[in-house]
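J.: Following is a predicted model, sequence given first.
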Amino acid sequence: MSTFSPDEASACRRLIDLAIAEDLGPTGDRTSLATLPVTALGTTAFVARSPGILAGLPAAAMVAHAIDTALSFTVIVGDGSRVAPRTMLATISGSLRSILAAERTALNFLQRLSGVASLTGKFVEAIAGTRAKILDTRKTTPGWRLLEKYAVRMGGGTNHRLGLYDGILIKDNHLAGLGGDIRKAIETARAFPGNQGLPIEVEVDNLQQLEIALAMQADIVLLDNMNNVQLRSAVALRNAVAPGVLLEASGGVNLATVGEIAATGVDRISVGALTHSAPALDIALDYLS
């Protein structure tokens, strides 16, 4: 099974603590406490109700063990796997009270992260055969960023920078603060001691700006809201004068347009919808015995 990195696991634990606290409150699951004997045992299974790509089983296991360390969590299908309806994903066995206390929170993680992975997989499929990669953005759910970016990887996508701290992306508002001076922005970013070793990416919205960014040997140029004719011209210009610079398309990207965007020859396509608009994958917890 794919596992979380230490940072992802730490982020997940914080979210689990919040989720359990808001779901169980100060009294616990009143319905299960009132109706089920403490000795009641059971086995349940997470089952896909719709097709997609699975992500989030490490989170579901962490939820189960946060509720009750004695629960047994068994993975059947690993994260990153394509699943069909009625596919059994994992089982939980042990105290039925504990299983039901964990059910909704575990499903919330599984459904959300599998939804992100599944949508990412559709974008990746749509550009198959091109040189482009699908990237996520910082348009993530507050607190969920590391987990949602994990889900993007499970869907076959590539992570962009995690935050403002681990990448240099000079955007339109940075340039506005410098009077639109792309040369100065790249020079000062490259010279700043804290930025050494990080690639420099700069956003442009026309070919004139692109020429300057290429002349300055930016590592990556973000082509913002360019149409396909402009993108092809940008690729031709890059190939002619600075073939080592990566070009990233952004803006107006959806499943209907991403294939034609990739066909222009860009290297990267960033898609905010992967994390801000992914629908949850339909997954249920079924009682087995």
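T.: Structure's in. What do you need?
J.: How many neighbouring residues does residue 70 have?
T.: Using other C-beta atoms under 10 Å, residue 70 has 11 other residues around it. Any C-beta I mention is one placed from the backbone N, CA and C, and that applies to glycine too.
J.: didn't residue 249 look like it was pressed against residue 263?
T.: No - using C-beta atoms under 8 Å, residue 249 makes no contact with residue 263, being 11.0 Å away.
J.: between these two, who's got more neighbours?
T.: Just comparing residue 249 and residue 263: by other C-beta under 10 Å the higher neighbour count belongs to residue 249, 30 against 16.
J.: what about that one, which SS state?
T.: strand (DSSP: H, G, I helix; E, B strand; the rest coil).
J.: Pull up the gap between it and residue 133, please.
T.: Using C-beta to C-beta, to the nearest Å, one gets 11 Å for the distance from residue 249 to residue 133.
J.: Now do the shared contacts for these two.
T.: Common neighbours of residue 249 and residue 133, counting by C-beta atoms under 8 Å, 6 or more residues apart in numbering, are 268, 269.
J.: Make sure I have this right: residue 90 is in a strand.
T.: Yes - applying three-state DSSP, one finds residue 90 inside a strand.
J.: domains for the chain, by residue range?
T.: The chain resolves into domains spanning 6-117+279-287, 125-276 when parsed by automatic domain parsing.
J.: any chance of those in a markdown table, plus mean pLDDT?
T.: Listed next are the domains of the chain as a markdown table, based on pLDDT from 0 to 100:
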| stretch | mean pLDDT |
| --- | --- |
| domain 6-117+279-287 | 98 |
| domain 125-276 | 96 |
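J.: for the protein, what spans make up the strands?
T.: For the chain, the strands defined by DSSP state E occupy 41-48, 52-53, 72-75, 82-83, 88-95, 133-135, 168-170, 200-204, 220-224, 246-250, 268-270, 283-287.
J.: The nearest residue to residue 261 once chain neighbours are set aside bridge partners, please.
T.: Distances taken as C-beta to C-beta, 6 or more residues apart in numbering put residue 249 closest to residue 261, at 5.2 Å, once the chain neighbours are dropped. Note on residue 249: beta-bridge partners by DSSP bridges are residue 223, residue 269.
J.: So residue 288 versus residue 103, what's the distance?
T.: 14 Å.
J.: for residue 153, same thing?
T.: Taken as C-beta to C-beta, the span from residue 153 to residue 103 is 26 Å.
J.: Those two: which is more packed in?
T.: residue 103 (22 against 18).
J.: ok, the more buried one touching residue 286?
T.: No - assessed by C-beta under 8 Å, residue 103 is found out of contact with residue 286, at 10.5 Å.
J.: Mind listing the shared neighbours of the two?
T.: With C-beta under 8 Å, 6+ apart, residue 103 and residue 286 have common neighbours residue 44.
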